[in-house]
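Asker: can't give you the sequence, but here's the structure:
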Ligand code: PHE
């Protein structure tokens, strides 16, 4: 029995894979293995012999089985170690810059805008792109019969007959987030909301989906002067220049009173768009003092608080800053265009390091 033990424990120790172990198991403790054969010989023994040989054989069987199990576990560990050695990856290494993907100019500009307004104390708010017509229109003082509803070229969500939920629209501007932010945070309040908006419109400066950034500041004694200062500071920081010509034009929006649209001086000469020169103007935003009815719709007392608001076209200011003449190219998903106009994925815009490197 000692010989059997030596033999099999030795083989087990030397086995170097699972199939070798399995052959050893069959030869040693399988139904027709050597230990089983020995067990059969017990019948020919005297009762005394059997009394010592029986337990000894069982002990041998146990010992071989546990040696097999231990070796099996050790082989599995070794296989895992080998795999870990083979497939290791140092996740702390700096990422390799890829030539495939770049940050889309719209994402880049949204980050730049956020960095600038954050410095002026504005936090970022969000709202749904599919919203009720109450948030998109009524709460903003645009009742059902108002011409602005028609002018916005609104996409309405389809409703099955008999579906009585309130009408939903693809938001036509980021202004509904004004109402949602007032409801959520009350006054005083200072937020921007960058995001996608939708209107049925398509030409060189219009696409059915585009991007705006809404701004809203509510406090005591806020005036048009604050609005003007904030926008001028923004434009200087964003275009990374000391000054650009801005034109404030008296205008009308149902949700602001008074209202102004702001244009920026530009030139389209030779098919390239340049800011700060030329005799053309590109409208970049609408703005004004928040209408008392809008404050009330947001649950804020218009006798105690005032505010200014603006809605700026992100795509427009991206075209101006990065010289993109056709807005439609932004949404063509053309990789060559993205490689030309895109941004390195690891450069985060901030005011200290420079917005656009
Ligand atoms: N929501 C307006 C638009 O989309 C812009 C705007 C926002 C005007 C806030 C005034 C105040 O044209």
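Answerer: Perfect, thanks for sending it. Only a predicted model underlies this, so the values are computations on that prediction, with no experimental measurement involved.
Asker: where exactly do the strands run in the protein?
Answerer: 123-124, 130-132, 168-170, 189-198, 209-219, 246-253, 256-267, 274-275, 280-290, 306-313 (DSSP state E).
Asker: dump these into JSON lines; add mean pLDDT, mean neighbour count and distance to residue 334 as well.
Answerer: (Glycine included, C-beta is placed from N, CA and C.) Compiled in JSON lines, the strands of the chain are given as follows (pLDDT from 0 to 100; neighbours: other Cβ atoms under 10 Å; distance: least, Cβ to Cβ, whole Å):
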{"stretch": "strand 123-124", "mean pLDDT": "98", "mean neighbour count": "14", "distance to residue 334": "29"}
{"stretch": "strand 130-132", "mean pLDDT": "96", "mean neighbour count": "17", "distance to residue 334": "28"}
{"stretch": "strand 168-170", "mean pLDDT": "94", "mean neighbour count": "20", "distance to residue 334": "24"}
{"stretch": "strand 189-198", "mean pLDDT": "97", "mean neighbour count": "21", "distance to residue 334": "19"}
{"stretch": "strand 209-219", "mean pLDDT": "97", "mean neighbour count": "22", "distance to residue 334": "17"}
{"stretch": "strand 246-253", "mean pLDDT": "94", "mean neighbour count": "14", "distance to residue 334": "32"}
{"stretch": "strand 256-267", "mean pLDDT": "93", "mean neighbour count": "19", "distance to residue 334": "24"}
{"stretch": "strand 274-275", "mean pLDDT": "80", "mean neighbour count": "18", "distance to residue 334": "23"}
{"stretch": "strand 280-290", "mean pLDDT": "93", "mean neighbour count": "20", "distance to residue 334": "24"}
{"stretch": "strand 306-313", "mean pLDDT": "97", "mean neighbour count": "24", "distance to residue 334": "21"}
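Asker: now for these, which one comes closest to residue 89?
Answerer: Among the strands of the chain, the nearest to residue 89 by Cβ to Cβ is strand 123-124 (33.9 Å).
Asker: who does the closest one pair up with?
Answerer: Strand pairing for strand 123-124, using DSSP bridges, gives strand 189-198 (parallel).
Asker: run through the helices of this structure in chain order.
Answerer: Using DSSP state H, the helices of the chain run over 2-14, 18-29, 34-41, 47-86, 105-119, 133-136, 147-151, 176-185, 224-239, 292-297, 314-322, 335-341.
Asker: for residue 348, see how far away the residue nearest the centre of the chain is.
Answerer: A centroid search over the chain (Cα atoms, centre = their mean) returns residue 107, at 10.5 Å, as the residue closest to the centre. Distance, residue 107 to residue 348, by Cβ to Cβ, to the nearest Å: 11 Å.
Asker: and this protein, which residues reach the ligand?
Answerer: Counting by Cβ under 6 Å from any ligand atom, the positions of the chain adjacent to the ligand are 173, 175, 253, 256, 286, 287, 288, 309, 310, 311.
Asker: would you list the residues you listed in TSV and tack on distance to residue 1?
Answerer: What follows is those, written out as TSV (distance: Cβ to Cβ, whole Å):
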residue	distance to residue 1
173	90
175	91
253	99
256	99
286	97
287	97
288	100
309	94
310	94
311	92
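Asker: those: which two are farthest apart?
Answerer: Farthest pair in the residues of the chain next to the ligand, by Cβ to Cβ: 173 and 288, 13.4 Å.
Asker: now do stretch 171-181: everything it contacts.
Answerer: Stretch 171-181 has contacts (Cβ atoms under 8 Å, 6 or more residues apart in numbering) with 125-131, 135-136, 139-140, 152-154, 189, 191, 193-195, 197-199, 212-214, 216, 255, 290, 294, 297-298, 309, 311.
Asker: hmm, what's the outermost residue in the chain?
Answerer: Centroid-distance maximum for the chain: residue 46 at 81.1 Å, with Cα atoms, centre = their mean.
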